[in-house]
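*Asks:* sequence first, predicted model second:
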Amino acid sequence: MIRRTTIERNFSRETDVKINPEELALEHIKSGNETTHLVINKILYNQKVSITENKLKDLLKIKGIELDLPITKDTYEIFINLVGKSSYRGFAGVYVFIHKASKCMYVGSSNLLRRRMDYYFRGDFPLAGKFLPVLHKEDLNAFSLKIFKLDKDLFNPQDALFLEQYMLLNKDFKFNSLRVVNFGPSLGKSIYVYDLTCTILYYYAQSQISLKRILGIHTSTCVKYLDTCIPYLNNFILSSIPFPSVKSDITAKELLNIMDKERRATYLKGLRRSIPVILEIKEGNNLVLVTSSNLSLSPFIKKVEGNNLEFDSLTSCVAYLKSLGITIKRDTLSKYIKLGKVFYNFKCRYLEKSIPADFEKVSQIIEEYKKNKIDLQAIESNNLKNKSVIVKSISDNNEKRFLSIMDMVRYYETQGIKLDRKTLNRYLKKGGVYKGLIFEYDKL
């Protein structure tokens with residue numbers, strides 16, 4: 001059974017240090033004060049990003065174009081000029097859904113506006129948060145859509161997040177559950193791993209590369225499952241959109257073990273399958289004579305039809321090729337089938353009528369299982385990096401708790417105490433006094 005706990009940890013001591021950008025954002029909205037670049041930079045301080053006053057002014061000059069929903073043939077040309085024609089190549093920008101009846105709004109941003117719009121228009125999203133249930137219940141007709149397209153000659157895709165953050169600090173965006181944007185690293189979009197109801201958050205990765213390194217989910221697999229509501233390994237939903245949720249307290253290593261068990265089960269399921277294959281004899285092949293009576297006598301061949309030899313499985317086909325003096329692995333032959341590659345004037349393919357409906361999905365998981373090489377040290381390092389830290393002062397015996405090492409380092413910088421990260425990690429592991437302080441990981 002998977003355990004879960006609330007995302008926020010509360011400590012009773014007055015000396016606890018909390019750095020909560022969401023609280024800062026909500027306080028600013030409640031104050032009614034003007035949103036400036038300084039306000040945005042303060043809220044995004046923990047993410048190590050900032051915006052200049054002039055850049056914010058330029059972003060606010062972008063004129064949004066509002067379209068009624070759903071998109072019709074009369075508005076389609078305008079729509080594709082704003083978001084792009086392709087889900088793989090397009091424009092970055094900010095989008096705002098405006099509820100016609102209540103005037104409440106929802107804002108988001110994307111590097112590929114067309115792909116994000118397709119996600120909303122398909123309607124197969126999880127019913128999580130405030131906005132998606134309303135969109136599902138009332139349909140697109142209840143909304144209009146306003147798009148702020150970024151000029152790629154003036155802005156980079158990341159600037160869309162700054163414009164989104166500016167809008168999130170407006171009280172009218174009542175459909176947004178979270179009021180702080182998430183800047184992932186330049187390696188790619190953030191990925192959230194949820195349960196099937198999107199109410200439990202198992203893991204958050206700042207990029208697809210990070211997800212592959214820690215949980216072994218390859219980028220090609222991620223692309224297939226991301227934002228589709230198709231369960232990954234039967235138990236998980238991969239999303240690029242954060243939903244209000246409860247965070248599970250299982251570690252990345254424990255989650256990896258759960259996923260590996262599912263991968264292993266899928267792998268064994270795939271190995272047990274005997275999917276017939278066809279080996280086509282191409283022109284110029286000198287290894288096999290189609291008219292030879294030896295073909296029908298071969299114990300590996302199930303049927304001969306013209307230039308096509310049918311086998312019960314890949315294994316039988318591999319064994320037959322070996323009898324001809326061709327040594328080839330099952331994995332290699334499987335790859336040749338996928339690529340449609342001709343080898344030694346042979347071409348192999350699966351017998352189409354015998355391919356199971358979920359064959360592609362199972363094959364992808366099998367490949368992932370076989371190639372999955374996880375760096376356990378990286379997992380442990382990631383766990384410790386995000387683990388709470390307790391700091392005790394030997395001068396006054398005061399104790400402070402921090403949600404992460406970075407929070408602690410930044411706090412003591414404001415107190416005039418600079419902590420070296422490498423030295424700090426050594427004292428966290430071995431103990432001792434460093435700059436009048438004792439450090440230890442929180443055991444709770």
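*Replies:* Thanks, I have it.
*Asks:* can you find the helix or strand in the protein with the smallest mean pLDDT?
*Replies:* Within the chain, no helix or strand scores below helix 376-385, which has a mean of 47 by mean pLDDT, DSSP states H and E.
*Asks:* which strands and helices lie in contact with the next helix or strand along the chain from that helix?
*Replies:* Counting by DSSP states H and E, the next helix or strand C-terminal to helix 376-385 is strand 389-393. Applying 3 or more CB pairs under 8 Å, 6 or more residues apart in numbering; DSSP states H and E, one finds that strand 389-393 contacts strand 399-402, helix 405-414, strand 437-441. For the C-beta atoms, the positions are set from N, CA and C on the backbone; glycine is no exception.
*Asks:* which parts of strand 389-393 are buried?
*Replies:* In terms of neighbour count (16 or more other CB atoms under 10 Å), strand 389-393 has its buried residues at 389-391.
*Asks:* quick one: low-confidence residue ranges for the chain.
*Replies:* Within the chain, the stretches with pLDDT under 70 are 1-19, 184-189, 267-274, 290-297, 352-387, 443-444.
*Asks:* centre-most residue in it?
*Replies:* Ile191 (2.5 Å; CA atoms, centre = their mean).
*Asks:* can you pull the contacts of Lys100?
*Replies:* Residues in contact with Lys100 (CB atoms under 8 Å, 6 or more residues apart in numbering) are 142-144.
*Asks:* name the nearest of the buried residues of strand 389-393 relative to Thr414.
*Replies:* Val391 (13.9 Å; CB to CB).
*Asks:* so where do the strands sit in the stretch 151-300 of the chain?
*Replies:* In the stretch 151-300 of the chain, the strands defined using DSSP state E, counting those that start in this stretch lie at 191-194, 200-205, 237-239, 246-247, 277-281.
*Asks:* any idea which of those strands gets closest to Ser395?
*Replies:* Nearest to Ser395 among these is strand 246-247 (35.5 Å), distances taken as CB to CB.
*Asks:* before we move on, the earlier item: is it true that the residue nearest to the centre of the chain touches Val223?
*Replies:* No. Ile191 lies out of contact with Val223 (CB atoms under 8 Å); the separation is 10.8 Å.
*Asks:* any shared contact partners between the two?
*Replies:* Gln208.
*Asks:* circling back to that earlier point, quickly list what the residue nearest to the centre of the chain is bridged to.
*Replies:* Beta bridges link Ile191 to Ala205, judged by DSSP bridges.
*Asks:* domain ranges for the chain?
*Replies:* The chain breaks down into these domains under automatic domain parsing: 34-168, 191-271+374-378, 274-355, 379-441.
*Asks:* can you lay out these as JSON lines showing distance to Glu23?
*Replies:* Shown next, in JSON lines, are the domains of the chain (distance: least, CB to CB, whole Å):
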{"stretch": "domain 34-168", "distance to Glu23": "10"}
{"stretch": "domain 191-271+374-378", "distance to Glu23": "15"}
{"stretch": "domain 274-355", "distance to Glu23": "51"}
{"stretch": "domain 379-441", "distance to Glu23": "13"}
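*Asks:* top of the contacts of Lys100 by neighbour count?
*Replies:* The residue in those with the most neighbours, by other CB atoms under 10 Å, is Phe143 (24 neighbours).
*Asks:* wait, isn't it in contact with Leu135?
*Replies:* Yes. With contact defined as CB under 8 Å, Phe143 counts as touching Leu135 (7.0 Å).
*Asks:* got any residues that touch both of those two?
*Replies:* In terms of CB under 8 Å, 6+ apart, Phe143 and Leu135 are both contacted by the residues Phe97.
*Asks:* follow-up on the earlier one: what would the buried residues of strand 389-393 look like in TSV with distance to Leu256?
*Replies:* Formatted as TSV, the buried residues of strand 389-393 follow (distance: CB to CB, whole Å):
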residue	distance to Leu256
Val389	24
Ile390	27
Val391	30
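*Asks:* and those, which is closest to Asn41?
*Replies:* Nearest to Asn41 among the buried residues of strand 389-393, with distances taken as CB to CB, is Val389, at 25.3 Å.
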